[in-house]
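Student: The following comprises the amino acid sequence and a computationally predicted model.
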Amino acid sequence: MTQDNDALTVGQMLLKHGISRRGFIQYCTAVASSLALPPWMGPAMAEQLRSGPRPSVVYLSFQECTGCLESLTRSFSPTIENLIFNTISLDYNDTLMAASGEAAEAARNKAMQDNFGKYVLVVDGSVPTDAGGGYCMAGGRSAVDILREAAKGAAAIVCVGTCSAFGGIPFADPNPTGAWPVSAIVGDKPIINVSGCPPIPEVITGTLLQFVSTGRVPDLDEHRRPKVFFGNSIHDRCYRRPFYDQGKFAKSFDDEGARNGWCLYELGCKGPTTYNACATLKWNGGTSFPIESGHGCLGCSEPGFWDKGSFYSALSSAAWGKAGESTPLRVLEVGAGAAAVGAALGLAAAGSARLRQHRSEQQTDDETTGG
Amino acid sequence: MDLLGFARGPALKVALVVFCLGVVWRILGFGLLRIRRDWNRPRASMLKYLFGGALTVATRSIPHPEFIARTGPGEALGYSYHLGLFAVVLLFTPHILFLRSLFGLRWPGLPSGVITVISVLTLTLFLAVLFRRVTNPVMRMLSNFDDYFSWFITMVVLVTGLATTAHVGARYETLLALHILSVDVLLIWFPFGKLMHAFYIFPSRAINGALLARKGAAS
């Protein structure tokens, strides 16, 4: 996509665009600050980025809805155009690139050959494996083949979105296509999961920028997500948290509590078990996030979020039966069944004990009467 | 399935089944035992006999005036932590939501901060109860594994609940899972240990009172 500029370093590129070294260091410091990196990382990032050519990025889309890419294109800091024109060389993305068909595939192959061992592989979407991988094909090849080939020469894999990170909606029960997350297919490369359905755009660009500028995988949590963005739960950073502590909960989406901005826990908010930066970075350039718009968190950045029961059941609810079943009725049935078995056991125990009592009393009476 | 899903799904189901089965088993097995035939002539009418039973339930639930100096503090301690437990279990909103999801009933709760204070007080009383049990020679002699395990599992439920509310020690979902798992263990243990006093205490007092009334003793 940016063949003419491939030979230039990022520093040369920026000078060409009239951006001074000082301005670039300021920009990198601001980015480092937004990533919660130490202050000295700003100039270090600037130096790393300025001295080398723009790192090659290959972006593969598999079983997905393109929501993640839609999200990425709405990044405010850094903006997508700044990222792909000045910081990285986005050598393949079948949605954004002008080329198509064989030309597009050729661009991908060339980027992978020229940058073998150095390029960043971004994957969006889960990988279907059933029917020989036939549920997702591009250029006559299955997603699983393309992924395995592309992963071989990648310095690291960034999984954008819950589908590529944890399987997402295609992976949800009954998983008709045999979909898997990237980590289940590729086991020998560093994987950074940027989960979310979709992820916050600044989290995608920030993670990419952090990796290409420092050359190392950021600190990750147990789900391989950058701790800087996924270190806190939504609940811990939620502006409605004081209402949770006060026990003030909205009971429906249009009651007085909802209008007063009370906690949405009772309405099924998954904020306490969801780790993401929604409550701090927010969306659309820091405008708002789902809870601020009046709806509980769905927990979309967590593994298996689609199969964890109703979005509208409180987190402390029991998980009984299938969707649509009346839990109290089911509890009553199961409880009555258990009680019936208990009653049978109790009657048997009591009967046996009474028999023993009776014999013992008879023996005592016989001894007393000398019979 | 993650730990939280397991705790509030299959583990909770098994625990509730064992609880229902065990409680009914123990109540019937105990309640249908034959009371040894008393050949003595009754000293009271049937009405007084029954009244004596009901009266004993009441009189044994309050300190006896004659022994209040000796038994009062222990009874106050017992009442306090039981009331604390009731408040925490029944008036904390996430608990109400849990019970509503199981039984379909709901009622108003107390602010989470108030519940936290009650929980900490109850926890302190629980420690005092244990201290009393291990320092009092008579109580120590009467205590066995059942007493200590029943205390322990109730304490674990309280501690994990507090940690979950305060988000201390681990991630919220892990703490919540551990809290629900500890409740599952408590439910399974309940019918087979001394926690069954919740069901036995009043019937046993009533039966004792009635038998004593039959013999003409004051309740």
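Tutor: Ah, there it is.

Student: residue in chain B nearest to chain A?
Tutor: Closest residue of chain B to chain A, C-beta to the nearest C-beta: residue B:28 (2.7 Å). Quick note: C-beta positions are derived from backbone N, CA and C, even for glycine.

Student: Quick check: that residue is in a strand.
Tutor: No - counting by DSSP: H, G, I helix; E, B strand; the rest coil, residue B:28 is located in no strand; its state is helix.

Student: pretty sure residue A:221 is in contact with residue A:230, am I right?
Tutor: Yes - the pair residue A:221 / residue A:230 is scored as a contact, 5.6 Å apart, by C-beta atoms under 8 Å.

Student: on that earlier part again, the residue of chain B closest to chain A: what's it in contact with?
Tutor: When contacts are counted by C-beta atoms under 8 Å, 6 or more residues apart in numbering or on different chains, residue B:28 is found next to A:342-343, A:346-347, A:349-350.

Student: Nearest residue to it in space, please, no chain neighbours.
Tutor: In space, and not counting its chain neighbours, residue B:28 is closest to residue A:346: 2.7 Å by C-beta to C-beta, 6 or more residues apart in numbering or on different chains.

Student: Tell me how many other residues crowd that neighbour.
Tutor: 23 (other C-beta atoms under 10 Å in any protein chain shown).

Student: residues near residue B:47, how many?
Tutor: 9.

Student: swap in residue A:178?
Tutor: By other C-beta under 10 Å, the residues close to residue A:178 number 16.

Student: Could you do residue A:113 as well?
Tutor: Neighbouring residues of residue A:113 were enumerated by other C-beta under 10 Å; the total is 10.

Student: again with residue B:118
Tutor: The local packing of residue B:118 (other C-beta under 10 Å) involves 19 other residues.

Student: right, and it touches residue B:88 too?
Tutor: Yes - counting by C-beta under 8 Å, residue B:88 is a contact partner of residue B:118 at 5.8 Å.

Student: can you pull the contacts of the residue nearest to residue B:28?
Tutor: By C-beta under 8 Å, 6+ apart, the contact list for residue A:346 reads B:24-29, B:32.

Student: Surely it is within a strand?
Tutor: No - counting by three-state DSSP, residue A:346 falls outside a strand, being helix.

Student: Please name every helix or strand in contact with the host helix or strand of residue A:159.
Tutor: In this assignment (DSSP states H and E), residue A:159 forms part of strand A:154-160. Under the contact definition 3 or more C-beta pairs under 8 Å, 6 or more residues apart in numbering or on different chains; DSSP states H and E, strand A:154-160 sits against strand A:119-124, helix A:182-185, strand A:191-194, helix A:201-214.

Student: In chain A, which residue sits nearest chain B?
Tutor: Nearest residue of chain A to chain B, counting by C-beta to the nearest C-beta: residue A:346, 2.7 Å away.

Student: what ranges do the helices span in chain B?
Tutor: B:3-8, B:10-31, B:46-59, B:68-91, B:93-103, B:112-135, B:137-142, B:145-166, B:172-189, B:197-214 (DSSP state H).

Student: most packed of those?
Tutor: helix B:172-189 (a mean of 22; mean count of other C-beta atoms under 10 Å in any protein chain shown).

Student: between it and helix B:68-91, how many degrees?
Tutor: 120 degrees (axes from the mean of the first three to the mean of the last three C-alpha atoms, to 10 degrees).

Student: Could you pull up the mean pLDDT of helix B:172-189?
Tutor: The predicted model gives helix B:172-189 an average pLDDT of 94.

Student: Is that helix in proximity to chain A?
Tutor: Yes - using C-beta under 8 Å from any C-beta of the partner chain, helix B:172-189 reaches chain A at B:172-173, B:176.

Student: who are the neighbours in contact with the residue nearest the centre of chain B?
Tutor: Taking C-alpha atoms, centre = their mean, the centroid of chain B lies closest to residue B:198, which sits 4.7 Å from it. Applying C-beta under 8 Å, 6+ apart, we find residue B:198 in contact with residue B:190.

Student: Okay, it and residue B:79: tell me how far apart.
Tutor: To residue B:79, residue B:198 is 14 Å away according to C-beta to C-beta, to the nearest Å.

Student: same deal with residue A:110?
Tutor: Distance, residue A:110 to residue B:79, using C-beta to C-beta: 80 Å.

Student: Would you agree residue B:30 is in contact with residue B:200?
Tutor: Yes - judged on C-beta under 8 Å, residue B:30 makes contact with residue B:200 at a distance of 7.2 Å.

Student: give me the number of residues near residue A:111?
Tutor: 22.

Student: remind me which residues of chain B are low pLDDT?
Tutor: Along chain B, the parts satisfying pLDDT under 70 run over B:219.

Student: Report back the residue of it that's furthest from centre.
Tutor: residue B:41 (37.7 Å).

Student: Work out the gap between stretch B:51-66 and the centre of the chain.
Tutor: 19 Å (C-alpha atoms, centre = their mean, to the nearest Å).

Student: How far does that stretch stretch from one end to the other?
Tutor: Taking C-alpha to C-alpha, to the nearest Å, stretch B:51-66 runs 23 Å from one end to the other.

Student: can you list contacts of that stretch?
Tutor: The contact list for stretch B:51-66 (C-beta under 8 Å, 6+ apart) reads B:44, B:71-72, B:75, B:202, B:205-210, B:212-214, B:219.
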